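Visitor: Would you be able to build a 3D model of this:
(chains A, B, C and D)
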2 protein chains.
Amino acid sequence: MRKLIYLADDDENIRGLINMFLSNEGFEVKSFANGDDLLAAFLQKPADLVILDIMMPGTDGLSVCTQIRNCSNTLIIIVSARDNEMDRITGITLGSDDYMTKPFSPMELMARVKALFRRLELDTGGSSRHILTAGNLIINAATRDAKVDGSQFDLTPTELALMVYLMQNSTRAVSRDELLKNVWKFDFEVDSRATDDVVKRLRKKLAAVKCSAKIESVWGFGFKLSEGGK
Amino acid sequence: MRKLIYLADDDENIRGLINMFLSNEGFEVKSFANGDDLLAAFLQKPADLVILDIMMPGTDGLSVCTQIRNCSNTLIIIVSARDNEMDRITGITLGSDDYMTKPFSPMELMARVKALFRRLELDTGGSSRHILTAGNLIINAATRDAKVDGSQFDLTPTELALMVYLMQNSTRAVSRDELLKNVWKFDFEVDSRATDDVVKRLRKKLAAVKCSAKIESVWGFGFKLSEGGK
DNA sequence: AAGAATTGCCACAGCTTTGCCACAGTTTAA
DNA sequence: TTAAACTGTGGCAAAGCTGTGGCAATTCTT
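Guide: Next up, the predicted model:
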């Protein structure tokens, strides 16, 4: 799906220029002459990325940045004619993801916009990445390699799949149902303790190789990976 | 958990400087005099963020960047003495998340490092809209995390469900019947003091972790959450 | 085809949760 | 003031959940 980008700058030439470059790259762009209009539009329909000039009539870019960040995770780039250390630092600290000073190269802006979307992709859709880590455990899902402290050990297909799923979702607890659905591909409701069995075997193997990562039980729910004390 | 940062630069002064600043901010830093050493260490134990100089003896920073990006999602910042548009653009395009030119302000580097971690956090952790708060209590219904003042504590399934319901309806008092119907899924009329029991245990747990939010009884009706404190 | 590996299931033991009870303390209403 | 209704508390036992070892069916290997 095409990414939607909002742009606020009081200089019409700059708006046109950036708009052109971004559109050429396949982005959907909406530009605004001031921050208030952008904010209003954003509250109506959030964009995937926002580019804000600091000095604008009405609410300044930094305030708009804070307000957007208060209610959204959207990517934000701040652009400013003022170039001193303090401005950059406050700009970034206030919640923007990048800060560029005018005059800037449109090409560099393009590169940075793409870098931000790439980062978003890596962080969220990251299933394309095959190397997973948890504590001293490294699993390469592509080559089916599992290593602890550099020494390799074996996992069966199911064990590997379960481990990979837990590692891909290591920030949260995963329910047994979710595992049965996504690792076992059972669409229907089943009452099975298959998950417990695989976890049982995984725990034994991980302990045998002194892996710092542990599979913890979440009572009445499922499991959660813990990296284990550093 | 402390973030691990790898840093490669052939200038010992710069290594020391950056190392000092990052350490002061609570990061765990390991610095290397060239890219090859860093890459070797990274393959052994991946870091959370990598800072690469471009011009170094041995493999240059850009190649190291590409190699790391090939096998990992780690955050990468490229730092270079060369400052022209083309360098910046290729640097960012090759897979780094940010590009800074020397000489740079250590404070700005700090700000950008933190911005990258913040983005990572936004993309992975806080992404879900299931975060509920009441006083100093934070419950993430999706990850089943319950925290008071940042320290996590455990809730049983029923306790969690009841707490979430109360927090979702924190503006009003909730009757016992409503709780039995929506949390216990009892369709029929029952005379049960199950709610009181769970509330009893919840109160004990909340008090044990010095939670400012309290479950208040509404006489002859049910319960109501109060944020407490302030 | 025989042997090995994998994997789901079972049964049992041990632990946690949770609803219930009895009783004491509190609030409401007559 | 008193009785009735309601809530807080500790204990308890049934129900539910998890860890474990063993086992059998299936699949993979040789």
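Visitor: Got phi/psi on A:Thr156?
Guide: phi -70, psi 170 (degrees, to the nearest 10).
Visitor: Without its sequence neighbours, what residue ends up closest to it?
Guide: Once flanking residues are discounted, A:Thr156 sits nearest to A:Arg201: 7.7 Å by Cβ to Cβ, 6 or more residues apart in numbering or on different chains. The way it works is simple: take the backbone N, C-alpha and C, and place the C-beta from them, glycine included.
Visitor: Next, the contact list for A:Ile138, please.
Guide: A:131-132, A:145-148, B:46 (Cβ atoms under 8 Å, 6 or more residues apart in numbering or on different chains).
Visitor: quick one: which of those residues is most hemmed in?
Guide: Neighbour counts for the contacts of A:Ile138 (other Cβ atoms under 10 Å in any protein chain shown) peak at A:Ala146, which has 24 neighbours.
Visitor: Which helix or which strand is home to that one?
Guide: strand A:145-148 (DSSP states H and E).
Visitor: Pull up the pairing partners for that strand, direction included.
Guide: For strand A:145-148, the paired strands and their directions (DSSP bridges) read strand A:137-140 (antiparallel), strand A:151-153 (antiparallel).
Visitor: circling back: quick one: which of the contacts of A:Ile138 is nearest A:Leu94?
Guide: B:Pro46 (30.0 Å; Cβ to Cβ).
Visitor: how about the nearest residue to that closest one, chain neighbours excluded?
Guide: In space, B:Pro46 is closest to A:Thr133, 5.3 Å off (Cβ to Cβ, 6+ apart).
Visitor: wouldn't that neighbour be in contact with B:Gln44 here?
Guide: No. Counting by Cβ atoms under 8 Å, A:Thr133 sits too far from B:Gln44 to count as a contact (11.0 Å).
Visitor: The two: who's more crowded?
Guide: A side-by-side neighbour count of A:Thr133 and B:Gln44, using other Cβ under 10 Å, places A:Thr133 first with 17 against 12.
Visitor: helix/strand/coil for the more buried one?
Guide: strand (DSSP: H, G, I helix; E, B strand; the rest coil).
Visitor: List the residues that contact it.
Guide: A:139, A:167, B:46.
Visitor: Just give me the closest of these to DNA strand D.
Guide: Nearest to DNA strand D among those, counting by Cβ to the nearest atom of the strand, is A:Met167 at 18.3 Å.
Visitor: Bridged to the residue lying closest to that closest one once chain neighbours are set aside, which residues?
Guide: Leaving aside its chain neighbours, A:Met167 sits nearest to A:Leu132 (4.1 Å; criterion: Cβ to Cβ, 6+ apart). Under DSSP bridges, the beta-bridge partners of A:Leu132 are A:Ile139.
Visitor: so where do the strands sit in chain A?
Guide: A:4-8, A:28-32, A:49-53, A:75-80, A:98-101, A:131-134, A:137-140, A:145-148, A:151-153, A:174-175, A:214-218, A:222-226 (DSSP state E).
Visitor: now check the fifth one, is it near chain B?
Guide: Yes. Applying Cβ under 8 Å from any Cβ of the partner chain, one finds strand A:98-101 in contact with chain B at A:Asp98.
Visitor: Where does chain A get nearest to DNA strand C, residue-wise?
Guide: For chain A, Cβ to the nearest atom of the strand, closest residue to DNA strand C: A:Thr156, 2.9 Å.
Visitor: That residue and A:Met55, how far apart?
Guide: Plainly put, A:Thr156 is 61 Å away from A:Met55 if you go by Cβ to Cβ, to the nearest Å.
Visitor: which of these two has more neighbours?
Guide: Taking other Cβ under 10 Å, A:Thr156 and A:Met55 do not tie; A:Met55 has more neighbours (16 against 12).
Visitor: returning to that earlier point: just the strands paired with strand A:145-148: most buried one?
Guide: strand A:137-140 (a mean of 20; mean count of other Cβ atoms under 10 Å in any protein chain shown).
Visitor: Dump that one to CSV, keeping only the CA atoms.
Guide: What follows is strand A:137-140, C-alpha atoms only, in CSV (Å, rounded to 0.1, in the frame of the first residue of the first chain):
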residue,chain,number,x,y,z
LEU,A,137,21.4,-18.2,22.0
ILE,A,138,21.6,-17.4,18.3
ILE,A,139,19.2,-19.1,15.8
ASN,A,140,19.5,-18.8,12.1
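Visitor: Give me the most central residue, chain A.
Guide: A:Asp123 (3.0 Å; Cα atoms, centre = their mean).
Visitor: Distance of that residue relative to DNA strand D?
Guide: 29 Å (Cβ to the nearest atom of the strand, to the nearest Å).
Visitor: That residue - nearest residue in space that isn't next to it in sequence?
Guide: Closest residue to A:Asp123 apart from its sequence neighbours, by Cβ to Cβ, 6+ apart: B:Asp123 at 3.4 Å.
Visitor: For that neighbour, give me its contacts.
Guide: A:73, A:119-120, A:123-124.
Visitor: Which of these has the largest number of neighbours?
Guide: Counting by other Cβ under 10 Å, top hit in these: A:Arg119 with 22 neighbours.
Visitor: is it true that it touches B:Leu122?
Guide: No. The pair A:Arg119 / B:Leu122 is not scored as a contact, 10.4 Å apart, by Cβ under 8 Å.
Visitor: near DNA strand C, which residues of chain A show up?
Guide: Within chain A, the positions adjacent to DNA strand C are A:154, A:156-159, A:184, A:192-194, A:197-198, A:201, A:219-220 by Cβ under 7 Å from any atom of the strand.
Visitor: can the residues you listed go into JSON lines with extra columns for distance to B:Asp97?
Guide: Supplementary listing: the residues of chain A next to DNA strand C in JSON lines, determined by distance: Cβ to Cβ, whole Å:
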{"residue": "A:Asp154", "distance to B:Asp97": "35"}
{"residue": "A:Thr156", "distance to B:Asp97": "36"}
{"residue": "A:Pro157", "distance to B:Asp97": "34"}
{"residue": "A:Thr158", "distance to B:Asp97": "35"}
{"residue": "A:Glu159", "distance to B:Asp97": "33"}
{"residue": "A:Trp184", "distance to B:Asp97": "36"}
{"residue": "A:Ser192", "distance to B:Asp97": "42"}
{"residue": "A:Arg193", "distance to B:Asp97": "43"}
{"residue": "A:Ala194", "distance to B:Asp97": "40"}
{"residue": "A:Asp197", "distance to B:Asp97": "41"}
{"residue": "A:Val198", "distance to B:Asp97": "36"}
{"residue": "A:Arg201", "distance to B:Asp97": "38"}
{"residue": "A:Trp219", "distance to B:Asp97": "39"}
{"residue": "A:Gly220", "distance to B:Asp97": "40"}
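Visitor: All set now, cheers.
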